[in-house]
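Trainee: Build me a model:
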Amino acid sequence: MKTCIITTDTYQNHDTGIGHPERIDRVTVVNEGLKKIQSKDIIWLKPKVFDAKYLSLAHSEEYLRKLEKSFPSEGNFFLDGDTLVGPGSKQAALDAVASVITAIDGVINKDFINAFCSIRPPGHHAESRKAMGFCIYNNVAIGAHYLLDKYKLKKVAIIDFDVHHGNGTQEIFYDNKQVLYISSHQYPFYPGTGSEKETGNYNNILNVPLDAGTSGNIFLNAYEPIFKKIMEFRPEFILLSSGFDAHINDPLAQINLQSKDFAELTNRILKIAKKVCNNNVVSVLEGGYDLEALQESSSFHVQSLLKV
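Mentor: Coordinates of the predicted model:
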């Protein structure tokens, strides 16, 4: 079986300006790195058009209406202090969502075994009613809702290993017993959420806070309770919020992972996925702001996906 890389052309039109960490070449370098992988088991696809009704499963109609009016015809507009949009941002954001949906369709229909969505803007900080932290639509949350609605799945798990807590994903699913949201992240840190006390209304949230300076071994050991929770929940599908900003070289955080640690983490996640959900995994790019580290880490991640 093959691994699919789904990416867009329109990510290049989401221009965040000079000096912004969530910049165009993040996805460019990821794709360049993935194209160097010598494997006949990689498929490259562009996202398909999707039904916009799925946006409203994760986001309020009020937010979607406000957002529609916020995309400028020229220049930039700030949705919050660090999330800005320009003329090309609307289609880029929609295509990011479409990539996740296309990936899910392909895995469910067994066109490929798993997928990695090389996309921007990222999504896990976007809440149901507001943009935040470079994120416009919550790509993974929409994907989870799509699985529940379109394919009538009963249980979906989201594992978020971005160095920042996915406050948006947690907020969207805090009261949803069908979705297990798990996050490992530096704490206390941006965005301020993600304590162990935040457990969801159905015990469906598991936060694993990590101290600044955490090394690879400690990080990987912290996943033991995560895997136990996954085994207890037994999801039918696992979505990954794959941020690579826990790398030691990343400028926006202080977790000390090496690139190879993302390969080991991916291997362990896939071992669990084989047991509980027949390898149904879609991975979605979130953060990662040192270009060299991002390229190397994402390449290790995809090479692990290829081993299934």
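Trainee: And residue 252, which helix or strand is it part of?
Mentor: Under DSSP states H and E, no helix or strand contains residue 252.
Trainee: For it, which non-adjacent residue is closest in space?
Mentor: residue 289 (5.2 Å; C-beta to C-beta, 6 or more residues apart in numbering). For glycine as for every other residue, the C-beta is placed from the backbone atoms N, C-alpha and C.
Trainee: Is the one you found located within a helix, as I assumed?
Mentor: No - applying DSSP: H, G, I helix; E, B strand; the rest coil, one finds residue 289 to be coil, outside a helix.
Trainee: Buried ones in stretch 265-277, by neighbour count?
Mentor: 265, 266, 267, 268, 269, 270, 272, 273, 276, 277 (16 or more other C-beta atoms under 10 Å).
Trainee: Quick one: mean pLDDT over the top helix by length along the chain.
Mentor: In the chain, with assignment by DSSP state H, the single longest helix is helix 89-108. Across helix 89-108, the average pLDDT comes to 98.
Trainee: and the next element down the chain from the helix or strand encompassing residue 63?
Mentor: Taking DSSP H and E as the criterion, residue 63 maps to helix 61-68. Downstream of helix 61-68, the first helix or strand assigned by DSSP H and E is strand 77-80.
Trainee: Any idea how far that next one is from the middle of the chain?
Mentor: Per C-alpha atoms, centre = their mean, to the nearest Å, the displacement of strand 77-80 from the mean C-alpha position of its chain is 21 Å.
Trainee: quick one, phi psi at the residue most central in space within the chain?
Mentor: Taking C-alpha atoms, centre = their mean as the criterion, residue 241 is the residue nearest the geometric centre of the chain, at 2.7 Å. Backbone torsions of residue 241, given as degrees, to the nearest 10, read phi -90, psi 100.
Trainee: How about the contacts made by residue 247?
Mentor: 255, 257, 258, 259, 262, 288, 290, 293, 294, 297 (C-beta atoms under 8 Å, 6 or more residues apart in numbering).
Trainee: any idea of the pLDDT on the closest residue to residue 295 other than its chain neighbours?
Mentor: In space, and not counting its chain neighbours, residue 295 is closest to residue 33: 3.9 Å by C-beta to C-beta, 6+ apart. Looking at residue 33, its pLDDT reads 98.
Trainee: so is residue 33 in a helix, a strand, or just coil?
Mentor: Residue 33 - assigned by three-state DSSP - is helix.
Trainee: separation between it and residue 121?
Mentor: In this view, residue 33 and residue 121 are 20 Å apart by C-beta to C-beta, to the nearest Å.
Trainee: ditto for residue 34
Mentor: In terms of C-beta to C-beta, residue 34 sits 19 Å off from residue 121.
Trainee: more crowded one of these two?
Mentor: Each of residue 34 and residue 121 has its neighbours counted (other C-beta atoms under 10 Å); residue 121 has more, 26 against 22.
Trainee: So what would you say the end-to-end distance of stretch 284-297 is?
Mentor: 14 Å (C-alpha to C-alpha, to the nearest Å).
Trainee: So for it, what gets flagged as buried?
Mentor: Buried residues in stretch 284-297 (16+ other C-beta under 10 Å): 284-291, 293-297.
Trainee: Adjacent strands (with direction) for the biggest strand by length in the chain?
Mentor: Secondary structure assigned by DSSP state E gives strand 179-186 as the longest strand of the chain. Applying DSSP bridges, strand 179-186 is found paired with strand 156-160 (parallel), strand 205-210 (parallel).
Trainee: could I get the helix or strand following the longest one in PDB with only the CA atoms?
Mentor: It refers to strand 205-210. Downstream of strand 205-210, the next assigned helix or strand under DSSP H and E is helix 216-221. Included here for helix 216-221 are C-alpha records, laid out as PDB according to Å, rounded to 0.1, in the frame of the first residue of the first chain:
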ATOM      1  CA  GLY A 216      13.800  13.300  23.100                       C
ATOM      2  CA  ASN A 217      13.800  10.400  25.600                       C
ATOM      3  CA  ILE A 218      11.600  12.200  28.100                       C
ATOM      4  CA  PHE A 219       9.300  13.300  25.300                       C
ATOM      5  CA  LEU A 220       8.800   9.800  23.900                       C
ATOM      6  CA  ASN A 221       8.300   8.300  27.400                       C
END
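Trainee: Give the other helices and strands that helix 216-221 contacts.
Mentor: Applying 3 or more C-beta pairs under 8 Å, 6 or more residues apart in numbering; DSSP states H and E, we find helix 216-221 packed against helix 259-276.
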